[in-house]
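Student: everything below, folded, please.
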Amino acid sequence: MNANKPRIVKDFDKLDVEIQEQVKLAYPDGFFQHLVSYMDRDGNKVSALPFETTDKYYLTRMSKQTAIELIEEDDDYDSDGSLKEDIRLDYEDKYGGEPDFIDEIKDELNTDSDDDGDDDSDL
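Tutor: Purely as a prediction, here's the structure:
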């Protein structure tokens, strides 16, 4: 993440539709396994889904349960929780393919899994 980018913390349903679509493209197999935890300014542990655009860094607040429910209730995802192929292709055409930071996330996930074998997804 670029430290100079403004950090936006919002609930998923409060994001612009275009950002929601890009988030779906970035996380075609669901959100919950990509949640991160941080402490808010009041000292409370919060979980959020990170998403970065060229000019902003988003932390989309959601619990693991909310992340699962969002995918289950979204018609863009199939019954297995994966972004439907036709929707994915539409979003790729609309936004020019996968967001750039996806490769960074994939690299980070591969590095994390090689480190100690721990599964950090149980927020």
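Student: could you pull up phi and psi at Tyr91?
Tutor: phi -70, psi -40 (degrees, to the nearest 10).
Student: repeat that for Gln20.
Tutor: With angles defined as degrees, to the nearest 10, Gln20 sits at phi -60, psi -40.
Student: wait, what's in contact with it?
Tutor: Taking CB atoms under 8 Å, 6 or more residues apart in numbering as the criterion, Gln20 is in contact with Phe12. C-beta coordinates here come from the backbone N, C-alpha and C atoms, glycine included.
Student: for this structure, what's the longest strand?
Tutor: The strand spanning the most residues in the chain, taking DSSP state E as the definition, is strand 45-52.
Student: could you find the closest non-adjacent residue to the residue most central in space within the chain?
Tutor: Against the mean C-alpha coordinate of the chain, by CA atoms, centre = their mean, the closest residue is Leu49 at 4.4 Å. Once flanking residues are discounted, Leu49 sits nearest to Thr60: 4.4 Å by CB to CB, 6 or more residues apart in numbering.
Student: mind checking what helix or strand follows whichever strand or helix holds that neighbour in sequence?
Tutor: Here Thr60 is covered by strand 57-61, with elements defined by DSSP states H and E. Helices and strands here follow DSSP H and E; after strand 57-61, the next one along the chain is helix 64-73.
Student: returning to that earlier point: just list whatever residues bridge to the residue nearest to Leu49.
Tutor: When bridges are called by DSSP bridges, Thr60 pairs up with Lys10, Leu49.
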